[in-house]
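In: return a 3D structure for these sequence lines:
(chains A and B)
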Amino acid sequence: MSQFFTLGVMVTVVASGIRLATPYLLASLGETIGQRSGVLNLGVDGIMLLAAFGAYYAALKTGNLWLAVLVALGTGLFVGIIYALITVSLHAAQGISGIGIFLFGLGFSDLLFQVWVGTPLPIPRKLPALAIPGLSDIPYVGDALFRHNLMTYGAFLLVPAVMFLLQRTTFGMNVRAVGENPQAADSLGVSVERTRFVAILLGSSAAGLAGASLVLQGGIFQANLTNGLGFIAIAIVYFGAWRPLGAMVGSLLYGLVQASVVQLKVQGTIPRGASDLAAMAPAIITILALVFLAGRVKAPAALTRPFARH
Amino acid sequence: MLVALGESPWEGLTSLASGAFGSGDRIAATMVKATPLILVGAGISIAFRTSVVNIGGEGQIVAGALLSTFVALAIPDVPRVLLVPIVMLAGLVGGGIAGAIPGALKAYTSVNEILSTIMLNIIMLQFMNFLLRGPLIDPLEVEAGTRIPQTERLSDNAALPTLIPGSRLHLGVVIALFAAAAAWLLLWRTPLGFRLRAVGHSPAAARAAGIKVKRHVTYALSISGSLGGLAGAILVFGSESQRMVTDGSTAGFTGSAGFNGIVTALFGGLHPLWTIPSAVLFGGLLTGATNLQRVLQVPAALAVALNGIVVIFVVSSNRVRSALEAMIQSRSEFNSTSPTDEPEPETFIEEVKQA
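Out: Take a look at the predicted model:
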């Protein structure tokens, strides 16, 4: 255990924790926007899987990482349109529609992978780390915080961006109004359907990026690559009380726990089998946090309620 | 989808159908695949009718399987006529506990049950992996050094008897059919079922009629979970290997029955009896897809993708129908489909009183 608390190891854990937090952060930021508009999209995991495969395939065939990100973004956008049509335009139950999207993504990404790729090959290159000049030379802190890839930087820069979007723009105000009281928003001339549609698309695009980050950081695709990461991202939204900063804290928590488990495993500090128990920790923490937070923070009042105008 | 993969759709369909129902063995395989779907589907129907969304089928199946495995390891020498019912009961209890936790959390601390059931899926998966790699691992695997994460072969006294000698059709299929009938009886022929549906219809009206809403929400998820747990016990003691094996994922053990059961229930219109033909259809899809993979080299993952599409179509078409109905009636200016709304509370209370 004492080996774990040396500075060098801590820096490694923090650095990889931040890197591992990236997909959680991207997905939960997107889901935050959607839920603030009153839409609980349970399909995040499926969207991530489809987008992850898209990014993987593009990177494998062309080696172009920008193209890979673009493909993932497009996939997220496309699936988002389908989900929005079902839940917003057809007023279908959000939760179950999301499970449908999840199952479709789970099966279809695996199907395409087996038919088009077959053997799991790593992509030619992963996202390179970019050292920020000056800051990255600070001892320890530089290595932990300022030697990451562009997607990680981007994800963390999105936090203030989403805060600004939700709090300081007309669109953000509409999103919050539609999520709290769609009837009132509707009577004031805000289009509930259009606002939710756009919020869903922003969320699904972010989920697409989250899928891309998973592949471009890890370098590989496999069936059920996300392993429930999308569902945890949804829990992080609750955990973060529907605020971008809260989502960041939750994502970092998950990233750091995951990095610590990996580190302890590498060092052989924890015995065989105990790492399975350690992997239970985030889920237990989440449930406890949900119990603690329930009643203390208020969910968007119209969350999961389809809106139909008559 | 087959066309997109460059295969003839007709050939695909015929090999799917022949793979599912083409011979006695295949029908038996389909029924065995349908068994957990019937159970989980019946449970999901009860939960959804109470307006509780149970996504925790996977975890509940694992919980039931683990508890029944424990019991079979603890008392392997009990005679078969007793041990089979005992391990099935253990499955019910295990799944029931895994359902009661998110149920009580929802009822008494208003924790969203979708999230807590998903978290419990993760917890149960890791717990299963821990047990099968550690404390419960087959001593022979340790001796051989292969360390395949599986339990030892469990007592033959706990094995579900086969119905037709030489086939894989076992008693679990019959148990599932009875359970589905029981779920139907419970929902539509008992006061408890009436109260559950009342809570699902409108919690506020149910509360006004004196129904203890919180308690019934907990009941609904517990019953739903226990049917999942029973499916887990049947998966263990109906399997040829008579043991629990993990490949590191829940799907490896459950065959995703926890999720596919949702599809089955929705396709069956959330009616426990209609869940049976629906489960046979999806069980057929699963066995048929395996055949498809053999004949046309189309991955069996096709079945999972198709399930997703089915869900999407069912939920949107239901909505289309009810949206049309709502338009014709145009009862109110704003029609939210949320269960917390109160459609005609007076008539509803009348109904409750009459029961």
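In: residue ranges for the strands of chain A, please.
Out: Using DSSP state E, the strands of chain A run over residues A:129-131, A:147-149.
In: these: lowest mean pLDDT?
Out: Note on the strands of chain A: strand A:129-131 shows the lowest mean pLDDT, a mean of 83.
In: helices and strands around it, which ones?
Out: strand A:147-149 (3 or more C-beta pairs under 8 Å, 6 or more residues apart in numbering or on different chains; DSSP states H and E). C-betas here are computed from N, CA, C, even on glycine.
In: circling back to that earlier point, redo the strands of chain A as CSV? Include mean neighbour count.
Out: Shown next, in CSV, are the strands of chain A (neighbours: other C-beta atoms under 10 Å in any protein chain shown):
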stretch, mean neighbour count
strand A:129-131, 14
strand A:147-149, 20
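In: tell me which of those lies nearest to A:Leu90.
Out: A:Leu90 lies closest to strand A:147-149 among the strands of chain A, at 39.0 Å (C-beta to C-beta).
In: partner strands of the closest one, parallel or antiparallel?
Out: Using DSSP bridges, the strands paired with strand A:147-149 are strand A:129-131 (antiparallel).
In: contacts for the strand it pairs with, please.
Out: For strand A:129-131, the external contacting residues (C-beta atoms under 8 Å, 6 or more residues apart in numbering or on different chains) are A:142, A:146-150, A:153.
In: for B:Val245, grab phi and psi.
Out: Note on B:Val245: its backbone torsions stand at phi -130, psi 140 [degrees, to the nearest 10].
In: near it, how many other residues are there?
Out: The burial count assigned to B:Val245 is 15, neighbours taken as other C-beta atoms under 10 Å in any protein chain shown.
In: these two touch, right, it and B:Ile148?
Out: Yes: look at B:Val245 against B:Ile148 with C-beta atoms under 8 Å: they come within range, at 7.4 Å.
In: state the pLDDT value of residue 173.
Out: Just so you know, I chose chain A. pLDDT, read off for A:Met173, is 94.
In: that answer is for a different chain, and I need it for chain B
Out: B:Val173 is assigned 94 on the pLDDT scale.
In: please apply the same query to B:Ala305.
Out: pLDDT, B:Ala305: 86.
In: again, but for A:Gln3
Out: Confidence for A:Gln3, expressed as pLDDT, is 66.
In: repeat for B:Thr246
Out: At B:Thr246, pLDDT is 86.
In: ok, it - contacts?
Out: Counting by C-beta under 8 Å, 6+ apart, B:Thr246 touches B:128-129, B:132-133, B:149-150, B:252-253.
In: that older thread, quick one, which of the strands of chain A is nearest to A:Ala207?
Out: strand A:147-149 (18.7 Å).
In: looks like A:Val39 contacts A:Ala92 (just checking).
Out: No: the criterion here is C-beta under 8 Å, and A:Val39 misses it with A:Ala92 at 11.3 Å.
In: circling back: just the buried ones among the contacts of B:Thr246, please.
Out: B:128-129, B:132-133, B:149-150, B:253 (16 or more other C-beta atoms under 10 Å in any protein chain shown).
In: can you list these in a markdown table and add distance to chain A and pLDDT?
Out: Below are the buried ones among the contacts of B:Thr246 laid out as a markdown table (distance: C-beta to the nearest C-beta, whole Å; pLDDT from 0 to 100):
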| residue | distance to chain A | pLDDT |
| --- | --- | --- |
| B:Met128 | 9 | 93 |
| B:Asn129 | 4 | 90 |
| B:Leu132 | 9 | 90 |
| B:Arg133 | 5 | 86 |
| B:Pro149 | 10 | 86 |
| B:Gln150 | 14 | 88 |
| B:Phe253 | 14 | 88 |
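In: contacts only, for residue 216.
Out: Picking chain A for this. A:Leu216 neighbours (C-beta under 8 Å, 6+ apart): A:55, A:59, A:65, A:68-69, A:123, A:126-127, A:149, A:151.
In: try chain B instead
Out: B:50, B:195-196, B:199, B:206.
In: how much space separates the closest residue to A:Ile285 other than its chain neighbours from B:Leu105?
Out: Closest residue to A:Ile285 apart from its sequence neighbours, by C-beta to C-beta, 6 or more residues apart in numbering or on different chains: A:Leu253 at 7.4 Å. Between A:Leu253 and B:Leu105 the computed distance is 20 Å (C-beta to C-beta, to the nearest Å).
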